[in-house]
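Output the structure for:
(one chain, ligands or ions: 1)
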Amino acid sequence: KKKLPEFRFCEEVLKELVKAKHYESNHWFLKPVDAVALQIPTYHKVIKKPMDLGTMQTKLNLGEYTSAKDFENDFSLIVKNCRKFNIAGEVVDAANRLEDLFKQKWAE
Ligand SMILES: Cc1ccc(Nc2c(-c3ccc(O)cc3)nc3c(C)cccn23)cc1
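This is a model prediction of the structure:
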């Protein structure tokens, strides 16, 4: 089934974000936050709309995005959730780097 050009672009940006060369920035965000494994029982009380890069890839593959904006909003969720829950530290720094990367690719 032919993909709309705007979704091809989303695909391209997502492929870049998950590359191993960006591991320092992306590894925290590749899969849904496992609040049990991470021993952060308050996570789902604080974060109402969890999101991650893997879920975004699935949604893109299943054609669940209505527009590129919809896709961009999910990416912003990842970063906003991280800043809201983690306040500061390594994972927030990683989220900031990932956001810079996204903005670079998105603007291309
Ligand atoms: C006690 C404690 C404090 C902070 C964290 N953060 C955190 C997160 C995280 C990512 C996105 C997000 O929106 C929220 C959390 N991912 C991790 C991972 C993969 C390993 C270790 C810590 N991690 C975990 C436990």
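
Could you give the number of residues near Ala37?
7 (other CB atoms under 10 Å). (Glycine included, C-beta is placed from N, CA and C.)

what pLDDT does it get?
Note for Ala37: predicted pLDDT of 97.

contacting residues for it?
Shown in contact with Ala37 (CB atoms under 8 Å, 6 or more residues apart in numbering): no residues.

Over to Ile40?
33, 85.

In which helix or strand does it reside?
When elements are assigned from DSSP states H and E, Ile40 belongs to no helix and no strand.

So which residues on the chain come close to the ligand?
Residues of the chain lying near the ligand by CB under 6 Å from any ligand atom: 28, 33, 38, 40, 81-82, 85-86, 91.

Give the buried subset of the residues you listed as a PyMOL selection command.
In PyMOL, this line selects whichever of the residues of the chain next to the ligand come out buried by 16 or more other CB atoms under 10 Å:
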select buried, resi 28+33+40+81+82+85+86+91
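
Including distance to Leu17 and secondary structure, could the residues of the chain next to the ligand go into a markdown table?
Formatted as a markdown table, the residues of the chain next to the ligand follow (distance: CB to CB, whole Å; DSSP: H, G, I helix; E, B strand; the rest coil):
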| residue | distance to Leu17 | secondary structure |
| --- | --- | --- |
| Trp28 | 12 | helix |
| Val33 | 17 | coil |
| Leu38 | 21 | coil |
| Ile40 | 23 | coil |
| Asn81 | 16 | helix |
| Cys82 | 14 | helix |
| Phe85 | 20 | helix |
| Asn86 | 19 | helix |
| Val91 | 16 | helix |
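
can you list the residues of the chain next to the ligand in TSV and add distance to Lys69?
Listed next are those as TSV, based on distance: CB to CB, whole Å:
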residue	distance to Lys69
Trp28	25
Val33	24
Leu38	30
Ile40	30
Asn81	18
Cys82	21
Phe85	24
Asn86	26
Val91	26
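
Relative to Trp106, which of the residues of the chain next to the ligand is nearest.
Cys82 (18.1 Å; CB to CB).

Name the helix or strand for Asp34, please.
Going by DSSP H and E, Asp34 is not in any helix or strand.

Now do it: how many residues are near it, please.
For Asp34, the number of neighbouring residues by other CB under 10 Å comes to 10.
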